[in-house]
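Trainee: Next comes the sequence, and after it the predicted model I'd like to discuss.
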Amino acid sequence: MTFNLHRILYLWAGVLVLALLLIIPLAMWARVLGALIAVCCVTWAWVSLRLRAERQLGSVRLAEGMVLPAAGFRQPVVLVCGDGLDGLFGGVAAGQLALRVTERGCYVRVPSLEQLPAITDHLLALRPGWAGQLGVMFSVSPGAHSDGAILAGQMRAFSHQLALARKRGVALPLLLVSYLQTLQDEAPWFCWGSGQAEVRVCDAGACVSLDDWQQQSADSPRQAARMHASIQLNSAVAWLHEAVLPHLVMRSASGLVAICAVTWVPALAHAVNGNLWQQWLRSKVALADHRAVVADAVLPVPDPLLNLLPLGPLRSPVQRASVVALWLFAVAGVVALASSAWQNALLLRQVSDDLRRYSAIPQPTQRNQREFLGRENAVGVLRQDAQRLDAYYRHGAPPAFGLGLYRGERLRAALLAVLAAHVEPPPAASPARAASPVRLDSLSLFASGSAQLKADSAKILINALVDIKAQPGWLIVISGHTDATGDPENNLRLSRARAAAVHDWMQRMGSIPDSCFAVQGFGASQPIAGNDTEAGRAANRRVDIRLVPEAGACALPVASPDRQPPVAFRDI
């Protein structure tokens, strides 16, 4: 893929991460931190890709006077590496690319095996449309090597670099070429496919079988020469299968080698004395080859074989980028669906538990005020659940519950049915004081959002303790309330915590038994004023203290002569 496509994929991944941060329920600081990390990662990827592109463009340069064919060039483009590059392209400065353009294709010199992936990237960056035209030619000549172990290591290194280059998304079929020195004038190309035993002869644009080629000669000298070439070909094929092909590690189902080819040339500029071909002939036929090395020998290019290469991209760069983008979207979609399913399961479990808790409390009577308070508390929780689901119904479910998995509407209908069927018990006869609870402003007792009593709240609580006098058979009910601002669950916890703080203070300062108290928290479910104004919200932020009759609810300690009565009984 091109660098621009890589950039688009990184940007797409960043957008998906930001979308997941909006869908998955996280704290605000976690979402901000995740968004910053995603933006930093995408920025780093963009800068890294730009620097990488600049390094590749700077490290690969065409030789002076050479220009790549136009983008509309549709002939095969072959990357050539291996032996005899000077004989194919002439002398070129190290680190520069040389070109050899013919009527049937374009040959690009690869100075070293390690540069094969980089040059592939370079060509794809300059000519993205060439992905289906690229192939690789590896020239291996037995006359250029004297050590078989070194040649085996070179072949393994080449197969590794070719596998890295193929990861760019191009097929890069391999043409394995071997040049052998001969005294004959006729030099066709002998080739065979990977896994095929039949050898074909390609020359002048036609490919025929080896038998047909031998029978085509009319005169006896030419026929004898072709017979001699066939015998030499058998030796060359045997050498390739023994010394070269086993070291080309198979990296794909289709294999590394597409076409193997052999040709004879009158001279080899890169031949060495005591080379592998001389060793092979000496070991097989006990003959020695003492032909001299020619410094300016020019090697032919395998134009007749280019049409045999199975050229064509595995996928175009845009197709590969589209596949990666779809995979990223699928992964993000699975994560989002899993998160939404989990949040909906938690919502269903919470509301169902609240409904079961309410149903488990029997209908209270006037004689059992504790059950009355428990049922009242359960109804308050149901009202908060109904308020939450009603907000989702009116304004749409949050993204954390969306993606087609929201099931709150069915829960909302069940909640409304339970609340509509709820019947308040008849009020019990009680003193006038029970009907007029002591009402304390929460902000005069606590800081905003806190359940810790202020230092100057003692005077207010002492006055409330004077007005509420514990007596047998009466419960001191302390209930906390908040306004509708903020999260309902947090408001419910805050109201309970504030009522508990007042209870702890009154029990400690008044020496009143714990059985005389009942602590409740209603959050914003029981407002006494509208929440749309500041005055209304201030009135709703309160702690109510009232007396509720219940038989045997409060057992006061017996007073003794040497013991002071509780503060609640003192007259101030």
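Mentor: Happy to help now that I have it. From a predicted model like this one, the values you see are computed outputs, not experimental measurements.
Trainee: low pLDDT regions in the stretch 101-250 of the chain?
Mentor: Low-confidence segments of the stretch 101-250 of the chain, defined by pLDDT under 70, are located at 183-186, 195, 204-205, 218, 249-250.
Trainee: and if you look at the stretch 301-450 of the chain?
Mentor: For the stretch 301-450 of the chain, the ranges with pLDDT under 70 are 312-317, 363-372, 423-436.
Trainee: For it, just list every one of the strands.
Mentor: For the stretch 301-450 of the chain, the strands defined by DSSP state E, counting those that start in this stretch cover 438-441.
Trainee: got the residue ranges for the helices in it?
Mentor: Ranges of helices in the stretch 301-450 of the chain, per DSSP state H, counting those that start in this stretch, are 317-360, 369-395, 408-421, 432-435, 442-445.
Trainee: can you count the residues close to Ile476?
Mentor: 26 (other CB atoms under 10 Å). Heads up, the C-betas are built off the backbone N, CA and C, glycines and all.
Trainee: Could you pull up the residues touching the residue most central in space within the chain?
Mentor: The centroid of the chain falls nearest to Leu328 when counting by CA atoms, centre = their mean (6.1 Å). Shown in contact with Leu328 (CB atoms under 8 Å, 6 or more residues apart in numbering): 9, 12-13, 16.
Trainee: mind running it again at 10 Å?
Mentor: Taking CB atoms under 10 Å, 6 or more residues apart in numbering, we find Leu328 in contact with 9, 12-13, 15-17.
Trainee: Out of those residues, the closest to Gly521 would be?
Mentor: Checking the contacts of Leu328 against Gly521 with CB to CB, the nearest one is Val17 at 38.7 Å.
Trainee: Give me the distance between the closest residue to that closest one other than its chain neighbours and Gly169.
Mentor: Once flanking residues are discounted, Val17 sits nearest to Ala38: 4.3 Å by CB to CB, 6 or more residues apart in numbering. Spatial separation of Ala38 from Gly169 under the definition CB to CB, to the nearest Å is 26 Å.
Trainee: likewise Arg109?
Mentor: Counting by CB to CB, the gap from Arg109 to Gly169 is 23 Å.
Trainee: neighbour-wise, which of these two wins?
Mentor: Arg109 (22 against 18).
Trainee: burial of the residue lying closest to the more buried one once chain neighbours are set aside, as a residue count?
Mentor: Beyond its immediate neighbours in the sequence, the residue positioned closest to Arg109 (CB to CB, 6+ apart) is Ala98, lying 4.1 Å away. The number of residues packed near Ala98 is 21, by other CB under 10 Å.
Trainee: which residues touch Ala98?
Mentor: By CB under 10 Å, 6+ apart, the contact list for Ala98 reads 62-63, 66, 80, 85-86, 88-92, 107-111.
Trainee: Among the residues you listed, name the buried ones.
Mentor: When burial is judged by neighbour count using 16 or more other CB atoms under 10 Å, the buried members of these are 63, 66, 80, 85-86, 88-89, 92, 107-111.
Trainee: Turn the residues you listed into a markdown table, including secondary structure and distance to Leu461.
Mentor: Rendered in a markdown table, the data for those read as follows (DSSP: H, G, I helix; E, B strand; the rest coil; distance: CB to CB, whole Å):
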| residue | secondary structure | distance to Leu461 |
| --- | --- | --- |
| Ala63 | coil | 93 |
| Met66 | coil | 94 |
| Val80 | strand | 94 |
| Leu85 | helix | 96 |
| Asp86 | helix | 100 |
| Leu88 | helix | 99 |
| Phe89 | helix | 97 |
| Val92 | coil | 95 |
| Tyr107 | strand | 95 |
| Val108 | strand | 90 |
| Arg109 | strand | 93 |
| Val110 | coil | 88 |
| Pro111 | coil | 89 |
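Trainee: from those, which single one is nearest Pro221?
Mentor: Using CB to CB as the measure, the one of the buried ones among the contacts of Ala98 that approaches Pro221 most closely is Leu88, at 31.0 Å.
Trainee: List the contacts of the closest one.
Mentor: Residues counted as contacts of Leu88 (CB under 10 Å, 6+ apart) are 80, 82, 98, 100, 107, 109, 137, 139, 177, 179, 298-301.
Trainee: Now distance to Ala332 and secondary structure too, for these, in a markdown table please.
Mentor: As requested, the contacts of Leu88 are arranged in a markdown table below (distance: CB to CB, whole Å; DSSP: H, G, I helix; E, B strand; the rest coil):
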| residue | distance to Ala332 | secondary structure |
| --- | --- | --- |
| Val80 | 43 | strand |
| Gly82 | 45 | strand |
| Ala98 | 46 | coil |
| Arg100 | 48 | strand |
| Tyr107 | 45 | strand |
| Arg109 | 44 | strand |
| Met137 | 43 | strand |
| Ser139 | 48 | strand |
| Val177 | 48 | strand |
| Tyr179 | 54 | strand |
| Val298 | 57 | coil |
| Leu299 | 54 | coil |
| Pro300 | 54 | coil |
| Val301 | 49 | coil |
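Trainee: if we can go back for a sec, turn the buried ones among the contacts of Ala98 into JSON lines, columns for distance to Ser230.
Mentor: Shown next, in JSON lines, are the buried ones among the contacts of Ala98 (distance: CB to CB, whole Å):
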{"residue": "Ala63", "distance to Ser230": "39"}
{"residue": "Met66", "distance to Ser230": "39"}
{"residue": "Val80", "distance to Ser230": "27"}
{"residue": "Leu85", "distance to Ser230": "29"}
{"residue": "Asp86", "distance to Ser230": "30"}
{"residue": "Leu88", "distance to Ser230": "26"}
{"residue": "Phe89", "distance to Ser230": "31"}
{"residue": "Val92", "distance to Ser230": "36"}
{"residue": "Tyr107", "distance to Ser230": "28"}
{"residue": "Val108", "distance to Ser230": "33"}
{"residue": "Arg109", "distance to Ser230": "32"}
{"residue": "Val110", "distance to Ser230": "33"}
{"residue": "Pro111", "distance to Ser230": "36"}
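Trainee: Of those residues, which is the nearest to Leu348?
Mentor: Proximity to Leu348 was ranked across these by CB to CB; first place goes to Val110, at 63.2 Å.
Trainee: give me the element the nearest residue to that closest one once chain neighbours are set aside is part of.
Mentor: Closest residue to Val110 apart from its sequence neighbours, by CB to CB, 6+ apart: Cys81 at 3.9 Å. Under the assignment given by DSSP states H and E, the secondary-structure element containing Cys81 is strand 77-82.
Trainee: what ranges do the helices span in the stretch 51-200 of the chain?
Mentor: Counting by DSSP H, counting those that start in this stretch, the segments of the stretch 51-200 of the chain that form helices are 85-89, 116-126, 148-166.
Trainee: Those: which one's closest to Gly274?
Mentor: helix 148-166 (12.1 Å).
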